[in-house]
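A.B. asks: got a predicted structure here, sequence first:
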Amino acid sequence: DTGVSQDPRHKITKRGQNVTFRCDPISEHNRLYWYRQTLGQGPEFLTYFQNEAQLEKSRLLSDRFSAERPKGSFSTLEIQRTEQGDSAMYLCASSPRGGPQGVELFFGSGTQLSVL
Amino acid sequence: GNSVTQMEGPVTLSEEAFLTINCTYTATGYPSLFWYVQYPGEGLQLLLKATKADDKGSNKGFEATYRKETTSFHLEKGSVQVSDSAVYFCALIPPTGTASKLTFGTGTRLQVTL
């Protein structure tokens, strides 16, 4: 079990640049989630995929954010025209198909984004 | 809306001390409750969970009981170890929600010293 992997671990960019993060979930998991975590806060939900379908997006996900999961395996999260307020840890998680409650999410180590 | 309130950290304890991290929640109905742990440099891991009132979740010596009367899910461990040093997050999913509806508290950092 290789777990959920995220790349890169750290990204430093200048304001206005575009960045893209990648997440590889656990291979048999069909559900994939993106969360954002700022310093001193708990993770906040951004978006959710079941297979390749993006089923839900948070209001936190502005038009500058886009996420894809083209073949139902890995996912990418792109932020266009980055702003300093985008600086955060971006977490990816996956889960197997299961009941709505009590489902366990498996998290990656995250990508730490710093926008200068 | 749904929310989770945790005690502020850091919590600093000596090895073998008793641990309590308080967690209270606000939600409609009876949510599912979780404790996640984040060790340094790693992702969050599910520590334990309880899906209905009066359930007790337990794992690795940690316990938490779902108390609907006090809307609480306090985390306890009888004897902490240095290896328990981490950030602990309390979280909930509302009764009609899915994992996309996970609401986390702000986290409590635990530091255990020899």
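C.D. replies: That came in fine, so what should we check first?

A.B. asks: just checking, what packs against the helix or strand harbouring A:F21?
C.D. replies: A:F21 is part of strand A:19-24 when elements are defined by DSSP states H and E. Under the contact definition 3 or more Cβ pairs under 8 Å, 6 or more residues apart in numbering or on different chains; DSSP states H and E, strand A:19-24 sits against strand A:5-7, strand A:10-13, strand A:75-79, strand A:88-95, strand A:111-115. To be clear about C-beta, it is placed using only N, CA and C from the backbone, and glycine gets the same treatment.

A.B. asks: could I get the buried residue list for that strand?
C.D. replies: Of the residues in strand A:19-24, those buried by neighbour count under the rule 16 or more other Cβ atoms under 10 Å in any protein chain shown are A:19, A:21, A:23-24.

A.B. asks: of those, closest to B:F34?
C.D. replies: Looking at the buried residues of strand A:19-24 and their distance to B:F34, the nearest is A:C23, at 21.1 Å (Cβ to Cβ).

A.B. asks: close to chain A: what parts of chain B are there?
C.D. replies: With the criterion set to Cβ under 8 Å from any Cβ of the partner chain, chain B comes near chain A through B:4, B:32, B:36, B:41-46, B:49, B:51, B:89, B:91, B:93, B:95-107.

A.B. asks: what sits against the closest residue to B:K56 other than its chain neighbours?
C.D. replies: Distance criterion Cβ to Cβ, 6 or more residues apart in numbering or on different chains; nearest residue to B:K56, sequence neighbours excluded, is B:T65 at 4.7 Å. B:T65 sits next to B:50, B:54-57, B:73-74 when contact means Cβ atoms under 8 Å, 6 or more residues apart in numbering or on different chains.

A.B. asks: restricted to buried residues, select those in ChimeraX.
C.D. replies: Buried residues among the contacts of B:T65 (16+ other Cβ under 10 Å), as a ChimeraX selection:
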select /B:50,57,73,74
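
A.B. asks: the contacts of B:T65 in strands, which ones?
C.D. replies: The subset of the contacts of B:T65 located in strands under the criterion DSSP state E comprises B:50, B:56-57.

A.B. asks: now the residue of chain B found nearest chain A: closest residue in space that isn't a chain neighbour?
C.D. replies: Nearest to chain A, among the residues of chain B, is B:F104, at 2.9 Å (Cβ to the nearest Cβ). For B:F104, ignoring the flanking residues on the chain, the nearest one in space by Cβ to Cβ, 6+ apart is A:G42 at 2.9 Å.

A.B. asks: B:S3 and B:A91, how far apart?
C.D. replies: Distance, B:S3 to B:A91, using Cβ to Cβ, to the nearest Å: 11 Å.

A.B. asks: could you check which of these two is surrounded by more residues?
C.D. replies: B:A91 (25 against 12; other Cβ atoms under 10 Å in any protein chain shown).

A.B. asks: I'd say the more buried one and B:T5 touch.
C.D. replies: No. Look at B:A91 against B:T5 with Cβ atoms under 8 Å: they stay out of range, at 11.8 Å.

A.B. asks: can you list residues touching both of these two?
C.D. replies: By Cβ under 8 Å, 6+ apart, B:A91 and B:T5 have these common neighbours: B:G105.

A.B. asks: show me which residues of chain A sit near chain B.
C.D. replies: Residues of chain A that fall close to chain B, judged by Cβ under 8 Å from any Cβ: A:3-4, A:31, A:33, A:40-45, A:48, A:55-56, A:91, A:93, A:95, A:100-110.

A.B. asks: where in chain A is pLDDT low?
C.D. replies: Counting by pLDDT under 70, chain A shows low-confidence ranges at A:1, A:98-102.

A.B. asks: most centrally placed residue in it?
C.D. replies: The centroid of chain A falls nearest to A:W34 when counting by Cα atoms, centre = their mean (2.9 Å).
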